[in-house]
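Student: I need the structure of the sequence given here:
(2 chains)
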Amino acid sequence: MYVMIREVENSLHKLRHIKEEGRKTAIETIKEIGKPATDPSARVDRYLDYFTIGPQNMDPAGIVSKLDHILDVRDDRLKEEVKLMAPQIQNDPVQINNLENTLEAAMALNFIYKVVRHYYIQGKKTLSLYVIMQLQMILPMVMKEADAYSNALKAFANGQPIGDGAGPLVAGKLMHGYEARKLPKDCVVATVPLEGRTVFVMKAEGPGGNVGKPGDAIEAVIEENEGKIACLIMIDAGLKLEGEMVGEVSEGIGAAIGGPGVDAYKIEDKLTKYKIPNYAVIIKQDIGDAVTPMRKEIHDATDKVIERVKAIILERTKEGDKVIIFGVGNSIGVGQ
Amino acid sequence: MTQNNQTQSTNANQKISTYLTMIVLIVMALAVTALLIAGETYLAGDQLAAGVLAGIGLIALVLSGFLLYQSKLQSKQVKIETPKVMTTIECKCGDKTVREFQRGDYVYKELDVPCPKCPTTHQMITSIYKEVKEKEKTYNV
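Tutor: Got it, this is the predicted structure:
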């Protein structure tokens, strides 16, 4: 038990250090970019402790719209908070999004540290071998995640593209040079002629750190075209299993989108209504790669994805059809 | 055009738990005492007792030294690595340069800096990525 406690203790020291570094980076970035008149430390500390209470699920009917509303309120609230912390960038949505992402990474580190500390103290207080043992067993995964968030924080602060931005990067490559218009919410679409088809290429608006609301955006484009869409192709970063290579490209069907499920629900709902087939292409990476600056392997894989997408379009649709391609993920550091 | 992928590391707080240090120091002191008593016992003529005491003292000394060394090693390993991120800038003429990432860079950003080969054209950022040199451990399964 002593050995296990020591191990947890060492990891906890490391977590505290990572968390403190994260807080420091967030405060320094706010001071550098936002030029606040007063010290933002107190406000940052308050931000790091923010929580979100999920909707009541005793009667699950309508829970998706409730969750959607809660997430919207959370996002607006956090953005407002960032604007108060950094008044100089109030009218710069790119910097606001990047700062919000930076603070969210710091928030995640703070949360991980507090939870590990909680179980450590509880284990010591109750002298329970099982509490300590459970904590010690999951520590490698927890530390890996904390390391990932620590690196993510710097990427967000600097506005660098991250591994999760593979989808938007593919969409960016396809839509670059064509006029892009805005869609709800925080997404963009460009109409691109490809292999004789009309392709609506969509992504979250960049280059600020933003994932948009793909559900609303896809819904809008399907409705604009009265459901006459031959297929939807979603491109996203997918978590790889151990043993798989970073940057491996895989193909499948279904809504390739993470998050709390609201967007996946909306997309599936609309696709079912109009009987639109949904294909997915993913670029494999682990959690560390997904939130840290984009690796070369992932960047290079985007060209392979474009080839796969073209093959899907040629095999599954006819000339003159309309197709939607959505590059799902965080558009940080990726323009259009 | 170099693409160094050095990493900067920040050493964490290298403090070792005072509790552990105290235990190690007490064990060390006891080990030294055991060795001294072993010496005295040897001089007094009891070779067997001297041998046992010397053995215990030496083992305790080595173990406590090893524990102290391991703790120092572990606390030194606490570091955060910052990978170098590179930005590729391209021109329509095909000229390509790679430099370290600067804040404000993003993919498809048009730069105000004209191309050195064709000064009338503006360059554009085409990619931003990090290169991880260390190879992932493979398992033959």
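Student: From the chain's centroid, how far away is the helix ranked longest in chain B?
Tutor: For chain B, the helix reaching the highest residue count under DSSP state H is reported as helix B:47-76. With C-alpha atoms, centre = their mean, to the nearest Å as the basis, the distance from the averaged C-alpha position of helix B:47-76 to the chain average is 26 Å.
Student: List the buried residues in it.
Tutor: Taking 16 or more other C-beta atoms under 10 Å in any protein chain shown as the basis for neighbour counts, the residues of helix B:47-76 that come out buried are B:50, B:53-54, B:56-57, B:60-61, B:64, B:67-68, B:71, B:74-75. Yep, even glycine has a C-beta here, placed from its N, CA and C like the rest.
Student: Throw those into a markdown table and include distance to A:I121 and pLDDT, thanks.
Tutor: What follows is these, written out as a markdown table (distance: C-beta to C-beta, whole Å; pLDDT from 0 to 100):
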| residue | distance to A:I121 | pLDDT |
| --- | --- | --- |
| B:A50 | 47 | 91 |
| B:L53 | 41 | 91 |
| B:A54 | 43 | 92 |
| B:I56 | 37 | 92 |
| B:G57 | 38 | 92 |
| B:A60 | 32 | 91 |
| B:L61 | 34 | 90 |
| B:S64 | 28 | 87 |
| B:L67 | 24 | 84 |
| B:L68 | 26 | 81 |
| B:S71 | 21 | 74 |
| B:Q74 | 21 | 64 |
| B:S75 | 21 | 59 |
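Student: possible to save those residues as CSV with distance to chain A?
Tutor: Shown next, in CSV, are these (distance: C-beta to the nearest C-beta, whole Å):
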residue, distance to chain A
B:A50, 32
B:L53, 27
B:A54, 28
B:I56, 21
B:G57, 23
B:A60, 17
B:L61, 21
B:S64, 15
B:L67, 10
B:L68, 13
B:S71, 9
B:Q74, 6
B:S75, 8
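Student: Widest-spaced pair of the residues you listed?
Tutor: Across those, the longest distance by C-beta to C-beta is 38.0 Å; it joins B:A50 and B:S75.
Student: Contact residues of the stretch 101-250 of chain A facing chain B?
Tutor: Counting by C-beta under 8 Å from any C-beta of the partner chain, the residues of the stretch 101-250 of chain A lying close to chain B are A:147, A:150-151, A:154-155, A:158-161, A:169, A:172, A:176, A:206-207, A:243, A:245-246.
Student: filter those to the buried ones?
Tutor: Burial of those was assessed by neighbour count (16+ other C-beta under 10 Å); the buried members are A:147, A:150-151, A:154-155, A:158-161, A:169, A:172, A:176, A:206-207, A:246.
Student: which stretches of chain A form strands?
Tutor: When assigned using DSSP state E, the strands of chain A occupy the ranges A:180-183, A:187-194, A:197-204, A:231-239, A:249-253, A:278-285, A:322-327.
Student: In contact with B:T87, which residues?
Tutor: B:T87 makes contact with B:98-102, B:105, B:125, B:127-128 under the criterion C-beta atoms under 8 Å, 6 or more residues apart in numbering or on different chains.
Student: now for the longest helix of chain B, which elements pack on it?
Tutor: Helix B:47-76 is packed against helix A:2-29, helix B:18-44, with contacts defined by 3 or more C-beta pairs under 8 Å, 6 or more residues apart in numbering or on different chains; DSSP states H and E.
Student: who wins for proximity to A:K273 among these?
Tutor: Counting by C-beta to C-beta, and looking across all of the helices and strands packed on helix B:47-76, nearest comes helix A:2-29 at 42.7 Å.
Student: returning to that earlier point: redo the buried residues of helix B:47-76 as a markdown table? Include distance to A:S41.
Tutor: Output for these, formatted as a markdown table (distance: C-beta to C-beta, whole Å):
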| residue | distance to A:S41 |
| --- | --- |
| B:A50 | 63 |
| B:L53 | 58 |
| B:A54 | 58 |
| B:I56 | 54 |
| B:G57 | 53 |
| B:A60 | 48 |
| B:L61 | 48 |
| B:S64 | 42 |
| B:L67 | 39 |
| B:L68 | 37 |
| B:S71 | 33 |
| B:Q74 | 31 |
| B:S75 | 27 |
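Student: where's the closest residue to A:K182 other than its chain neighbours relative to chain B, distance?
Tutor: Distances taken as C-beta to C-beta, 6 or more residues apart in numbering or on different chains place A:V188 nearest to A:K182, at 5.8 Å, with adjacent residues excluded. Between A:V188 and chain B the computed distance is 12 Å (C-beta to the nearest C-beta, to the nearest Å).
Student: A:M202 is in contact with A:V188, correct?
Tutor: Yes - the pair A:V188 / A:M202 is scored as a contact, 6.8 Å apart, by C-beta atoms under 8 Å.
Student: Looking at those two, which one has more neighbours?
Tutor: Each of A:V188 and A:M202 has its neighbours counted (other C-beta atoms under 10 Å in any protein chain shown); A:M202 has more, 29 against 24.
Student: Which pLDDT value belongs to that one?
Tutor: The confidence metric pLDDT takes the value 96 at A:M202.
Student: now the one 4 residues further on
Tutor: Residue-level confidence at A:G206 comes out at 83, pLDDT.
Student: How about the one 3 residues further on?
Tutor: According to the model's per-residue confidence, A:G209 sits at a pLDDT of 89.
Student: From chain B, how far out is it?
Tutor: Counting by C-beta to the nearest C-beta, the gap from A:G209 to chain B is 11 Å.
Student: Could you do A:K304 as well?
Tutor: Counting by C-beta to the nearest C-beta, the gap from A:K304 to chain B is 15 Å.
Student: which residue sits closest to that residue in space, ignoring its chain neighbours?
Tutor: The shortest distance from A:K304 to any residue other than its chain neighbours is 4.9 Å, reached at A:V249 (C-beta to C-beta, 6+ apart).
Student: In contact with the one you found, which residues?
Tutor: The contact partners of A:V249, by C-beta under 8 Å, 6+ apart, come to A:281-284, A:301, A:304-305, A:308.
Student: Please repeat the previous calculation with a cut-off of 7 Å.
Tutor: A:V249 makes contact with A:281, A:283, A:301, A:304-305, A:308, according to C-beta atoms under 7 Å, 6 or more residues apart in numbering or on different chains.
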